[in-house]
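Engineer: sequence and predicted structure below; questions after.
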Amino acid sequence: MDDNCRLLAFDNDFKFLNELKLFLRSTLQKYSQGKLEWTEDELRAGVHTVLADGRNVRIVLPKNKAETLKLIDHVVLTNQEQDIKSSTGQGVVDNGKCLNFVGFIGFSRPQKETSEEFTKKLWDFDRELIGELPRQKYIIAYVTGEREHGGNWGNLVLCNSPEAIEEWKAFHYHSRAITEISPQAYTHIRIHRGTLQEGLASDKFRVTQTIFLDYGAKCTGKFVSRKVEIWTTGESSDYLETEQ
């Protein structure tokens, strides 16, 4: 990868992640108004539906309804309330609105290269990973969808603390997925991390880091290269921004 890499080269990643964010926000608004056809248990297990243009999407809301709907509550906490919540380990950020995000952009291997046995294993892992979400303290929403009709997918995960990443890493199925699933399922992956400063009302993703994983055109069972880019490039578009 070019040492002079700019995040704007991946602006389409954030255009897509913004679509998932807007879908989540619309879904939560309907949820708060009692206009969703899905139950709390169904949303916790994951609901398959479609975006406005017909692309497939799945949404998982692992927490109870009251906790989930805090996502659209943009009341600014007082300093005292922030101190109380921070002292109880709830990981509340400075303005009471900010959310941490992880955006996953994967490029799948051709279907002809994956066996039925591996496909079954992939879905078994998916079931375990989704089943773990309600037990994760900080993850509050997961949305995954097609980036183009019938094409590659991407995921958006929202958390109420940066500690979510370390907690998720400690889940043994996550570690196994990295070594047993990703090299066989993908040629390369981008994982973006950062914050939504105003929660779901944010105009842009403030991106702090991207992990680039290259598994190569030929499946070898491990990555060819791994690079972590910390963004202090002062970039901005309709969908993203980085610090200077």
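Structural biologist: Structure's in. What do you need?

Engineer: A45: how many residues sit nearby?
Structural biologist: Look at A45: counted by other CB atoms under 10 Å, it has 17 neighbours. Every residue, glycine included, has its C-beta placed from N, CA and C.

Engineer: so what's it up against?
Structural biologist: By CB atoms under 8 Å, 6 or more residues apart in numbering, A45 lies in contact with 60, 130.

Engineer: do the same with Q136
Structural biologist: Counting by CB under 8 Å, 6+ apart, Q136 makes contact with 62, 164, 167-168, 171.

Engineer: 6 Å - rerun?
Structural biologist: E167 (CB atoms under 6 Å, 6 or more residues apart in numbering).

Engineer: could you give me the average pLDDT of the host helix or strand of G194?
Structural biologist: Taking DSSP states H and E as the definition, one finds G194 inside strand 186-196. Across strand 186-196, pLDDT averages out at 96.

Engineer: helices and strands around that strand, which ones?
Structural biologist: strand 99-108, strand 205-214 (3 or more CB pairs under 6 Å, 6 or more residues apart in numbering; DSSP states H and E).

Engineer: now the last one: how far from the chain's centre is it?
Structural biologist: Per CA atoms, centre = their mean, to the nearest Å, the displacement of strand 205-214 from the mean C-alpha position of its chain is 12 Å.

Engineer: related to what we said a few turns ago, which one of the helices and strands packed on strand 186-196 lies closest to A177?
Structural biologist: strand 99-108 (11.5 Å; CB to CB).

Engineer: now do F205 against E19, distance only.
Structural biologist: For F205, the distance to E19 (CB to CB, to the nearest Å) stands at 12 Å.

Engineer: and these two? Which one has more around it.
Structural biologist: Between F205 and E19, counted using other CB under 10 Å, F205 has the larger neighbour count: 26 against 21.

Engineer: which residues does the more buried one form a beta bridge with?
Structural biologist: Taking DSSP bridges, one obtains L240 as the residues bridged to F205.

Engineer: V102 reaches V157, doesn't it?
Structural biologist: Yes. At 4.4 Å, V102 counts as touching V157 under the criterion of CB atoms under 6 Å.

Engineer: report the longest helix in the chain, please.
Structural biologist: helix 11-32 (DSSP state H).

Engineer: what about whichever helix or strand comes after that helix, average pLDDT?
Structural biologist: Using DSSP H and E, the next helix or strand after helix 11-32 towards the C-terminus is helix 40-45. For helix 40-45, the mean pLDDT works out to 95.

Engineer: lowest-pLDDT helix or strand in the protein?
Structural biologist: Lowest on mean pLDDT, DSSP states H and E among the helices and strands of the chain sits helix 79-87, with a mean of 42.

Engineer: what about this structure, any weak spots by pLDDT?
Structural biologist: Counting by pLDDT under 70, the chain contains low-confidence residues at 1-4, 73-96.

Engineer: re earlier: may I see the buried residues of the longest helix of the chain?
Structural biologist: By 16 or more other CB atoms under 10 Å, the buried positions in helix 11-32 come out as 13-14, 16-21, 23-24, 27-28, 31.

Engineer: among these, which one lies nearest to E198?
Structural biologist: Distance to E198, by CB to CB, is smallest for K21 among the buried residues of helix 11-32, at 11.5 Å.

Engineer: from A164, how far off is that closest one?
Structural biologist: Between K21 and A164 the distance is 17 Å, computed by CB to CB.

Engineer: thank you kindly, that will do.
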